[in-house]
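**Student:** sequence and predicted structure, then a few things I'm wondering about:
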Amino acid sequence: MEDLAQAAIEATLGAGANFADVRIENTKTTIIEISDGVTKRSMASFLKGAGLRAFVDGAWAFAQTTNLTPSGMKETGDSVARLALATREQVTEKFEIDGPTFKDRVKIKVQKPFADISVEEKIGYVKMIDDQARDFDKRIFNTRTIYGDLWTELHIANSLGTSVWEEYSLPRIISSTTAKEGTSRQRGFRSIGTNGGFEEFETKAAQSIGEESARLVIDLLSSVAAKGDTYDVIMDPILNGVMVHEAFGHASEADNWPAHATVLEDKVGEEVGPEHLSLSDDPTLEGRRGTFSYDWEGTKATKRELVKDGILTELLHSLETSSRLDMAPNGSARSQSFMHPPLPRMSNTHMEPRDWSLEELFQDTKEGILLCGFNYGYTEPSKGQFMFQANYGYLIEKGEKTQMVRDVSLAGQILEVLPKIDAIGKGFEMDAGTCGKSGQGVPVMSGGPHARIRSMPVGGL
Amino acid sequence: MSDTLLVIAAKAVKLAEKLGASQAEAYVAQSRSFAIDVENSAIKSASEKRDAGLGIRSVVDKRIGFAYVTTIEEKDIPNVAEQSVSLAKASIPDPDFVSFPEASKSYPRIKDMTDSEIANLSSEDAASLVVRTVEATTEALGEIQAAIEAQLSANSGRRAIANSLGVEGTFESTSSFLYSYPTIKTEDDQTSSFEYQISRKLNEIDPEWIGVGAAKNTLASLGGRTIDPGEMPVILSPLAVGTVLGNGFAGAVNAEEVQYGRSYISDAFGEEIASEELEIIDDSLLRAGLGSRPFDAEGYPSSTTEVLSKGILKNLLHNSYTANKDGVENTGNASRPSYAGIPSIAPSNFVITPGSGTLDDLISEVRKGVLVRNTYDRPNMTTGDLSAMVAEGHYIENGEVCCPVRSTLVGINMRELLKRILRIGDDTRVTTSVVSPSIVIESAKITSG
C-alpha cells in the first residue's frame, strides 16, 4: 500500500498540484439479516480502492480508482491534478494547506477477528437473538435482527510527509420487533455498536438484545401518542447525546466557517450555554464505535472540548479548516470510504456529567416529560434549527414517572437550547449510530448523563 | 459497451451455477459522476467519480446468499461467486422463496432516458452553469450579505442484469442536479433556503430559475417566529409531499412491510383509506422520469401500477418474492442501491394526480393555517404517527401568507392525514421522490414554542 500511495502522490505533484493526499482502503463486511427465523440477507462485500485529492491555490479536486496498480495510481494522480488546475481558474479565495506530519502503524487489538469466525457461527448468533425476541411474548408477530461486521485496513499518505496505516474492526447488532394487541400496533428497536472483534457479541448486553427490544415493544403497546405542547424535558443519556450531536455538534464542524454556514460563526471564545455545561467530542475513548487514532487525512486525533464551562472553545477540524482558520488541527476529517473526500465530522460526542441524581431531577421537575432513546434527528446549522425524535418517554406528574408515550419530536434553535439546560445528572451512557452529512455516513456514538431542558416545544398529535 | 457488462453478468451467473447455485443472478453497474461545488459564492472543488461493481445473488435450496465487489474485473468474479454461494449454503432456508423472475419476451422502450450533453459535459461548461446560478442568486438578493453554497452534478451510468432463467437486460441513463443554497444575515437574523432542479436532460435545467428561486425562498424565511398552537389546516407544497407521501406513504404500501405487518396500512387492503381526492399511480414508464427504467432491479419488465384510486387502496408495490408469496402479479418494483445490495421494494415514479388551482388559490381558501414548504420528517411506519418539524414554512392568515414560522411542529396520524386531504392543486413539480402538486390537509395539530 505504501508504494502505491507514494506513486499516487508523486504523480499528482508532478502534474502541478501544491498538495496531494491519498486513502487506500481494503474493507470486508458481512451483513446478516434474519426475519421471523428466516435468512433475509446474507451478504459479503469487498471494497478495494483509492481516493485521491489534488489541491492548487485554493482549488480542490477529488477522484477515485479501483485500479490498485502503480500505473492506475499514476493515471488517477495525473487526472486529479489536471482537474484541480482547471478548477483553479474559477477560484477566488486562495489559501494553503499545512499541518503536522505523522508516521505510524496502528493495529487493532481484538480477541476474535471476524475473519476467523465461520458464517455458520455468525448466523447462529443472529438466529438466537431473533428467536429470543419472538419467544418473549405471544403478542410479538414480527422480528427482525440485523448483524454487521466490518474490517478495514486504511493507508493514508500526503505530500507533507504523513504516512499512516490503521486498522478498524466494528461490530453491530440491531433487533427490531413489531407487536400487536387489539388495534394497537407498535415497533421496538434496540441496537449495539462498539469497536472490537466477535467477542463483542458475547457480552451480556449483546446476548440479550432480542429480549430488550421485545420488552420495549410490549411496553409500548400500552403507550399513547404524546400531546403536543411545551414541556420541561428530562432527556435520558441516549437522547441527550442526540441533542448534543444535532443541536450543537454539526454546527461546530469547522467547514461551516469558511462557508459562513453556521449560526456559531461569531461565537468562538464566547458564552453559548450555562457555566455547568461542557460538551466534548472524543475519538480517543477506548472501545467506542466512533474511536480512531488518526483521522482520514492522517492527522493524530485528540479529544476536542467543543464547549468548556459554557464557552465555545474548539471546533472539529480538517487540515483545510485548521490551516484557513489558523487553529490547531485535531484530527476530525473523516470519509465514508475511499469513494468520498474527507470532511470535518464528529466521533464520540457527549455532554460531561455533573452532580444531579435522577431522583432529584424528577422531584425538582414536578410536571414535565422524560424522553428516552432516539429514532432520528437532523439539523440545519446555517439556519440554526434542529429536530430530533425520542423513541419513547413518560409523563412526569407530581415528580413521578407516569404514562408511557412514544415517538416524541423536539424542535429548537441551536442558540436558544443550550441556555435552557439547567440541570445535569451524574450517570454516563453512550449509544451507537451512523451520522450522515453530504451523502456520507460514518460510525459515531453519542451520549452523556440525564439532563433537563426547560420549556421545549414537543410535537404530538 | 453494454455487451461488456452483460458478458460479465452472464459469466458470473454461469460461475455461481457451477459452484452449486440452483439459480443465480448478477447485477453489474458502471457510472460516472462529475460534480462542481461552490462554497461562499465561489467555485472551490470538483470531483470525478467512476464507479463500477458486480453483485451476485445465489440460491441453493431456498437459501439465498449475496456478495459484491467494487470492481468489474474478471479476476474478481470467482471470489464473489464463491462467497455468494457459500453464504447461501450457510443460510436458513426461506420457505416462501419461489423463484427469480423468468425471462420476458421484450422490455418496454422509454423515451428520453439519456442526454449526451450530460454524459459529455466538460468541466468548463459545468462551471459556467453553476456560476450562472450563483450570479442569479446574488443579483436577486441585492444588497443583502450572502454566502452561497451550490453544486452541479452530472451523472451517467449503465447497468446490466442476467439470471439463470434467461433474464438479460441492459440500459443507460443520465441525470443532472443543480442547486443553490444561500445563507443570509441581517442585523438580527440569519437564515437559509434553497432551490433545485433535477432532470434527465441538461436543457431542462434552468440556472436562472434556480438562482432566483433560492434567493426568493431565503428572503421569505427571514424573521421567523413561533405561532399560536392548535388544530388548523396545513398545506403541503410538493417538496413536503415528497417527504410525507413519497417516503411516508410509499413505504407503507411496500408489500414486504405489509406482509410482515410492520406497515400502518397492514389491515387496509381494498379499503377506502384516503380522501376521494387522492389518486396515486406508480409509473415506471414515465417519459424521462427519474425513476423510469425498462425493467426493475430483478429484470422484471416495467409497468404502471394504480396504488390509490378514489381513496381506495388498489395495489401494493411488489418484487418477485412478495408477489410469489401473496400469489399476485409482480408490479416490478424491485429496487437496489446499485450493485451493492439485494433487491428491496421502492416506488419508481410516485405520481399524484393533479386537481385544480395554483398554490395561491389553495392559500386563499385558508383562514388560519400553516403552509409547509419543506420537512425532512417521516412517520413511524408501524403506527403511522407523524410529528414533523416545519423545516421551512409560513403562517397563513385570512387567505394570505403572513410570516415564516420557526420551532413549529405538525402532528397527525398518517391514516387521518390521508382521509383529511381536502383538495389537490395543479402546481405539479418533480422532486427527488415524487411527482406531485400541493395538497391541502383539513386539519392537524400544530405545536410551536
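**Tutor:** Alright, I've got the coordinates. The structure displayed is predicted, hence computed values, not measured ones.

**Student:** ok, for residue B:61, nearest residue in space, not its chain neighbours?
**Tutor:** Excluding the flanking residues, the one nearest residue B:61 by Cβ to Cβ, 6 or more residues apart in numbering or on different chains is residue B:93, at 6.1 Å. For every residue, glycine as well, the C-beta is placed using N, CA and C.

**Student:** domain parsing for chain B?
**Tutor:** Domain assignment for chain B by automatic domain parsing gives B:116-159+B:171-219, B:224-449.

**Student:** would you mind giving those as a markdown table with distance to residue A:361, mean neighbour count and mean pLDDT added?
**Tutor:** Below are the domains of chain B laid out as a markdown table (distance: least, Cβ to Cβ, whole Å; neighbours: other Cβ atoms under 10 Å in any protein chain shown; pLDDT from 0 to 100):
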| stretch | distance to residue A:361 | mean neighbour count | mean pLDDT |
| --- | --- | --- | --- |
| domain B:116-159+B:171-219 | 33 | 20 | 96 |
| domain B:224-449 | 22 | 21 | 96 |
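
**Student:** let's have these in JSON lines, adding distance to residue A:363.
**Tutor:** Formatted as JSON lines, the domains of chain B follow (distance: least, Cβ to Cβ, whole Å):
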{"stretch": "domain B:116-159+B:171-219", "distance to residue A:363": "39"}
{"stretch": "domain B:224-449", "distance to residue A:363": "25"}
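
**Student:** for these, give me CSV that also has distance to chain A.
**Tutor:** Shown next, in CSV, are the domains of chain B (distance: least, Cβ to the nearest Cβ, whole Å):
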stretch, distance to chain A
domain B:116-159+B:171-219, 3
domain B:224-449, 3
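
**Student:** out of these, nearest to residue A:276?
**Tutor:** Of all the domains of chain B, the one in closest proximity to residue A:276, counting by Cβ to Cβ, is domain B:224-449 (24.0 Å).

**Student:** what about that closest one, distance to the chain center?
**Tutor:** Domain B:224-449 sits 11 Å away from the centroid of its parent chain (Cα atoms, centre = their mean, to the nearest Å).

**Student:** can you give me the end-to-end span of it?
**Tutor:** From its first residue to its last, domain B:224-449 covers 12 Å (Cα to Cα, to the nearest Å).

**Student:** pull the residues that contact stretch A:363-373.
**Tutor:** Residues from elsewhere that reach stretch A:363-373 (Cβ atoms under 8 Å, 6 or more residues apart in numbering or on different chains): A:189, A:226, A:231-236, A:238-239, A:362, A:390-399, A:401, A:405, A:408, A:410, A:423, A:431, A:452, A:458.

**Student:** again, only this time at 6 Å
**Tutor:** A:231-236, A:238-239, A:390-396, A:399, A:408 (Cβ atoms under 6 Å, 6 or more residues apart in numbering or on different chains).

**Student:** in it, what's buried?
**Tutor:** A:365, A:368-373 (16 or more other Cβ atoms under 10 Å in any protein chain shown).

**Student:** would you mind giving the residues you listed as JSON lines with distance to residue A:302, pLDDT and secondary structure added?
**Tutor:** What follows is those, written out as JSON lines (distance: Cβ to Cβ, whole Å; pLDDT from 0 to 100; DSSP: H, G, I helix; E, B strand; the rest coil):
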{"residue": "A:365", "distance to residue A:302": "37", "pLDDT": "96", "secondary structure": "helix"}
{"residue": "A:368", "distance to residue A:302": "37", "pLDDT": "96", "secondary structure": "strand"}
{"residue": "A:369", "distance to residue A:302": "37", "pLDDT": "97", "secondary structure": "strand"}
{"residue": "A:370", "distance to residue A:302": "35", "pLDDT": "97", "secondary structure": "strand"}
{"residue": "A:371", "distance to residue A:302": "32", "pLDDT": "96", "secondary structure": "strand"}
{"residue": "A:372", "distance to residue A:302": "32", "pLDDT": "96", "secondary structure": "strand"}
{"residue": "A:373", "distance to residue A:302": "30", "pLDDT": "94", "secondary structure": "coil"}
